[in-house]
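> quick one, fold the following:
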Amino acid sequence: MASHVEEMRQGLIPGTHNQKDILLQGLNNLASLSPLPYPKAIASLALLIYEASAALSIGSENALGKEKSQGCFPVAAMQASLGSVNETLTMRSVFLFQAELSNLRISGKIKHNTHAFHDHMDDSIVHARKAQQEIVKVSVNNEKKREVLRTNFHLPPAPPIFYGRDEIVQTVISQLVPSQDEKQAGHTAILGTGGIGKTSVALSVIHSPAIQAHFQEHRYFIACDSLMDPDGIITALATAFNISASGNLSSRQKSVLSQLERYVGFVGRPILICLDNFETPWEPPSARGQVEEILSNLAGTPNVTILLTMRGAERPYGVPWSRPFLPPLSTLDDDSARKLFLMMSDVPEDDPMLFELLDALDNLPLAVSLMANLAQYSGTCAQLLKQWKMERTAMLNRGDENRLTNLDVSIQVSLSSERLQISPMTLSLLQILSMLPDGAHTSELVAMSINPQDIPGAITILRQVALVQESGLTGRIWMLSPVREHIKSYYPIDEAILDRLQQYFAHLILSTDVEHERYDNMQAIERVREQMGNIFTLFSKAFEDGRSPPVQTIRACAYLRHFSGSAAPGTITLLVEPATAAARKLDNAELEGACTLSHLILNGAVQRSQSLPILEHVVKLYSGIENPDLSTRKGYAQCLRYQAEYLYRNGDHERAKVVLSKAIDISRDHGFRAEESNCLVTLAHIYELQDRLQDALEVAYKALDLAEAHSYPMIQAHCYSFLSGIQYLRSAYPVAGSCARKAIDIQLPIKGESTGVAKDLYSLGDVYLIQSRLGLAQEVLERSYAIFARHGKADWMASISTTFGRICLLRSDFWKAVSHFHISLQKWIELGWVGEQAVSLQAIAEAELALGNHVTARSHLLEARKLFRKNGDIGNWRESPVIMLQGDVELLQGNLDEASSFFIQSLLIHRKMSNRAGMADCIRRLGDVAFETEELATAESCFRAAIDLIQWLGVNRQLADCWSKLGEVQFSKGDLDIGLESQDRALGLYTVLQQSYVPVTRHTTSLWDTKKCPVTRHIDFWDTFYIK
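Numbering: from 1, shown residues only. Next up is the predicted model:
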């Protein structure tokens, strides 16, 4: 390029014509062909100069030379620039050429790598497809491999705390897993009211080993509580199985079911679908047909098994449910409810109010769970029970407004059923049942209702939605306690319906005619006994806010004392108290007197010092009534009889007989045969306390004859009860036991386990005790104690506690015996019953003697005798055991004369009562005194006399003691063979009693020394107490 420019420069010098032409041709070519801008510009400029020069015909060479000189300088500068640019362009061209070569090399490598990548990708895809096919093949053919991980992820866990449903779970499993003879299992529906535990049962079934083994991973759980219509069910199924569907409901249903069937065929195993809370989509009547069609088609899909839970007692139509049908779930049993509560709370197992709290909840699982949650931080069961009585169902929630954590919400879900809305009578029936905790038969509900014709249909609807329960044994219809309380709080009963219910039960009580000792209408009596809870609830409502119910209701409350055996302790008293106030407000003296008397009879354990003034007030009420009718006169006679009873129990026997005589006269004058019989029994009791046992027997048999002649069964029972006690005092123990059993047999069908039955059980227990049949005595006395405890009879409970202590004494459990005796003593002190305090002190003295505390025993016995004298029990059957024990103390301390004196005093009292067992005990003790003074003949006579008195009475322990003592005397006399025979008899009796005796070898007294041989002496029962 540089040389070419130089040649051009040289061509500008004037020369030949040819050179000029060549130069012009070169410039022209350069201007036309050069790709570079600068050379091209220079050539163009040169041509212009030449053309200008030629056109102008320059006149002179000097001017032309000058112009040429001026033109050459820029050209030279331009040529220099052109050289620099040309050099730069050359270098750039080289760089571009090298870059092109590099690009060619890189493109080749990229192409090579691309082909290699595609080859590797194709190999990977082929390998992945093979691996995927292998996975599918393994998941289908291998039962132990998972196929659908997503399903298990959404399957809720089994309930961690679950009690009381083992049987129902096993039944459901047996229906879902086919037997060897069945090709496919059936479908099962778990029904029941809200909060009963349906979902928990279903999840326990789903996670059971048998279900897991049969269905493996193909177990699906679909919660339906948010599915409001058929479309929701189809959507839920499609989502659960990852199925796509579009179009209208019908086409989507067909698509989902057909794809589901293909899927089931693909996995080759049965699948289990649990539809929980299915009542939500099924409940609306407008969509029920479509919902049942979907369910029916789903149930008809091969290898598909359905487990369904829903509220109510009605199963969806169109599904071949497994048979026998599962009954609606019931509440938990007591033990399971207790375990559930204790597991979820921190309450001690021995909390005394635990069972009462759970009973208030009717063992409804949801209620128990929510209450247990409260117990974690709300204190004891007593505090929770107190809160329940104030707040009821409102307290059972965990803050959330859903059916699983709020009891009111759960109940309201059931009440929102459209089936209830279409029948207005159902709410009225719910209000009636909310006041009837014991429930009622359908016929009774019809009789109670203002609209009886609508009751059967309303009952059917309530059964369908499981808001009512029905007893299979009695047929009674009732509601669970939480549901009742919810209804009472949010749907209170109408006053007109309440009045109707109260009138119904008042009429029922009065129709029994129990006040006249008639028990002909046993059907009405049974109905009253079965519904004491209903009566208490309704009558309590009648006295709320100081209201005064009708006279009929008040009188019915007074009559209720005859049914105390069927009521919870103290409940009838809680009705009689306001009834008395209401009668007083009405200024009805006769009604007030009847209510007051009932209150006293029911509350028999009150202090007598308080009872007598009340009785005197009632007597004054009756005596002040002008122109009394027969009912008033009869009430007056009853009041006098009870006044006499309280007087003789307080020791005022003579005044008691005077008052009782007046009551007998009124009864005879007006033909009150039942009251006359009762008065005669009371008179017999007075004779008994005065130790006039023969007179007592004669009067008691007169009362019995009168009661039998006029068919007064309960009075007959009272007579037999009294005769049992008298025969016991006369040591006719078999006869006493027979009379007690007769009294029990008469009372049980009429009054059930009433306090009267409990008293006769107590008498029977005493008979077994004196006969040393300790096992039977314990059993009978425990039953008696339980009945008295149920009725809150603290006085009788204290008496039985003393007898329990005597059983402990016979079993040598001395400290436990002392505990029983002191409990009884404390209760008698609280009640102010002096005579019973003395009996407890006597028992404590016996225990102290057993422990070797002679001085303490003597002190207790002296105090007991003081109390007996204070109570008027002087020289009678109650004081005689104390006198005999005083003799035992003196005998043990070597005061033989004093001991003999006490034994003789006691013997005379027993002789007066014809109490052969008591006489034998005293004579045997006199034999002990004679033995200690070495009067062996006298001692032997005493022991033989004692044996003759009791050998046919069945008192084997006392008889064994006498034979043992007689054997000792015979040994001392040297009659070894006869002595061994007597000892063998004693040993045989002791063996029968299964009561060990204490063998003691004596070497101490001169008596034994004179015999020159130690003799093993079989110490009798009493002696075992006195050995230090």
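
> how close does residue 919 get to residue 942?
Distance of residue 919 to residue 942, given as CB to CB, to the nearest Å: 11 Å. Yep, even glycine has a C-beta here, placed from its N, CA and C like the rest.

> equivalent analysis for residue 367, please.
Residue 367 is 70 Å from residue 942, where distance means CB to CB.

> in terms of neighbours, single out the busier of residue 919 and residue 942.
The neighbour comparison of residue 919 against residue 942 (other CB atoms under 10 Å) goes to residue 942, with 27 against 22.

> give me the number of residues near the residue nearest to the more buried one when sequence neighbours are not counted?
Closest residue in space to residue 942, ignoring its immediate chain neighbours: residue 927 at 3.0 Å, by CB to CB, 6 or more residues apart in numbering. Residues lying near residue 927 (other CB under 10 Å) number 26.

> from the chain's centroid, how far away is the helix or strand where residue 272 lies?
Applying DSSP states H and E as the criterion places residue 272 in strand 271-276. Relative to its chain's centre, strand 271-276 lies at 30 Å (CA atoms, centre = their mean, to the nearest Å).

> cool, and stretch 202-216?
How far stretch 202-216 lies from its chain's middle: 28 Å, per CA atoms, centre = their mean.

> cool, stretch 928-935 as well?
For stretch 928-935, the distance to the chain centre is 65 Å (CA atoms, centre = their mean).

> for it, give me every contacting residue.
Here stretch 928-935 makes contact (CB atoms under 8 Å, 6 or more residues apart in numbering) with 891, 896, 899-900, 903, 936, 938-939, 942, 965, 968-969, 972, 1007.

> in CSV: these, plus distance to residue 839.
Converted to CSV, these look like this (distance: CB to CB, whole Å):
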residue, distance to residue 839
891, 22
896, 28
899, 22
900, 25
903, 20
936, 37
938, 33
939, 31
942, 28
965, 28
968, 32
969, 34
972, 37
1007, 37
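
> give me the longest strand you can find in the chain.
Ordering each strand of the chain by length in residues (DSSP state E) puts strand 304-311 first.

> give me the distance between the residue lying closest to residue 171 once chain neighbours are set aside and residue 443.
Spatial nearest neighbour of residue 171, excluding adjacent residues (CB to CB, 6+ apart): residue 326 at 6.6 Å. From residue 326 across to residue 443, the span is 29 Å (CB to CB).

> cool, residue 517 as well?
According to CB to CB, residue 517 and residue 443 sit 29 Å apart.

> which of these two has more neighbours?
residue 517 (21 against 11).

> surely that one touches residue 717?
No - the criterion here is CB atoms under 8 Å, and residue 517 misses it with residue 717 at 10.9 Å.

> related to what we said a few turns ago, around the residue nearest to residue 171, count how many other residues there are.
By other CB under 10 Å, 19 other residues sit near residue 326.

> going forward can the numbers begin at 578, since that is how I track them
Right, with 578 as the first residue, what we last looked at is residue 903.

> and it, what element?
Using DSSP H and E, residue 903 falls outside every helix and strand.

> ok, and what's touching stretch 825-842?
Here stretch 825-842 has contacts from 807-808, 811, 814-815, 818, 820, 822-824, 847-848, 867, 871, 874-875, 878-881, using CB under 8 Å, 6+ apart.

> confidence score at the nearest residue to residue 1395 once chain neighbours are set aside?
Excluding its sequence neighbours, the residue lying closest to residue 1395 (CB to CB, 6+ apart) is residue 1424, at 4.7 Å. Residue 1424 is assigned 94 on the pLDDT scale.

> contacting residues for residue 1424?
Counting by CB under 8 Å, 6+ apart, residue 1424 touches 1382, 1386, 1391, 1394-1395, 1398.

> filter those residues down to the ones in helices?
1382, 1386, 1391, 1394-1395, 1398 (DSSP state H).

> pretty sure residue 856 sits against residue 885.
No - the criterion here is CB under 8 Å, and residue 856 misses it with residue 885 at 9.7 Å.

> gap between residue 1094 and residue 799?
From residue 1094 across to residue 799, the span is 66 Å (CB to CB).

> which residue ranges of this structure form strands?
Using DSSP E, strands in the chain cover 765-769, 796-800, 848-853, 881-888, 1046-1047, 1054-1055, 1575-1579, 1592-1596.
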